[in-house]
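Trainee: 3D model of this:
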Amino acid sequence: GPVSVTTIARSIEHDRQTGLMVGLGAVVSETMYAALGFFGVKLIFTAGFETTLQIISFVIVTYMGARYAFLAKTISLEPVKNSQRGRNSLWLGLALSITTPTIGVAYFVVAAGVQTQALFESTTVNNVLASVGAGAGSLMWLLLLIAGVGKLRRSFGVESVRNIARLAGVLLLIVSSYLGYAIVTRL
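Mentor: Predicted coordinates:
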């Protein structure tokens, strides 16, 4: 999804810590979505609110895709350190995850399936553990992605890294095209 691609692209463009900050923002959001699902809270989106979230998501993903696909500046294999960029990346990860309604829906479907199949008793402790487990699983996935990018940095040359960053941008633009299509068909 957009979070994984952005995590990879930020790790390539900057450093692992910046990619991790994108991932941590997404993990916070996904843990909240899981908690809402497991505690049985039903989100009722009015058409305007859901459409607004979709438009925000479309804009963010399109911007990130264009940025990476048409990367004008030279990519160096030496990481760029900037503490402000890390904080911005945290917010970017949170925004990408929150504004992707399918993530929330997926957690609601999983929670409904778990609860309707009575896989565990719906108690406060169990719901908290399931929510934290969902966040931990998301974090482990993103850490694997970041580790893979670290190996990629060491194994490939600058031109290969540029091409991979551009590919990440193209993938984001494909996702944004789908998001745009979903908005248009919804209206």
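
Trainee: biggest helix in the protein, by residue count?
Mentor: Of all the segments assigned as helix in the chain under DSSP state H, the longest by residue count is helix 124-155.

Trainee: give me the buried positions along that helix.
Mentor: By neighbour count on 16 or more other CB atoms under 10 Å, the buried set for helix 124-155 is 127, 130-131, 134-135, 138-139, 141-142, 145-146, 149-150, 152-153. Just so you know, the C-beta spots here come from the backbone N, C-alpha and C atoms, and that holds for glycine as well.

Trainee: now do the contacts for the nearest residue to Gly104 once chain neighbours are set aside.
Mentor: Among residues not flanking Gly104 along the chain, Tyr33 sits closest, at 4.5 Å (CB to CB, 6 or more residues apart in numbering). Tyr33 sits next to 97, 103-104, 107-108 when contact means CB atoms under 8 Å, 6 or more residues apart in numbering.

Trainee: which one of those residues sits in the busiest neighbourhood?
Mentor: Using other CB atoms under 10 Å as the neighbour test, the contacts of Tyr33 are led by Ser97, with 26 neighbours.

Trainee: circling back: now the longest helix of the chain: how far from the chain's centre is it?
Mentor: In terms of CA atoms, centre = their mean, to the nearest Å, the centre of helix 124-155 is found 11 Å from the chain centre.

Trainee: wait, what's in contact with the residue nearest to Gly23 when sequence neighbours are not counted?
Mentor: Nearest non-adjacent residue to Gly23, counting by CB to CB, 6+ apart: Leu142, 3.4 Å away. Shown in contact with Leu142 (CB under 8 Å, 6+ apart): 3-4, 7, 19-20, 23, 26-27.
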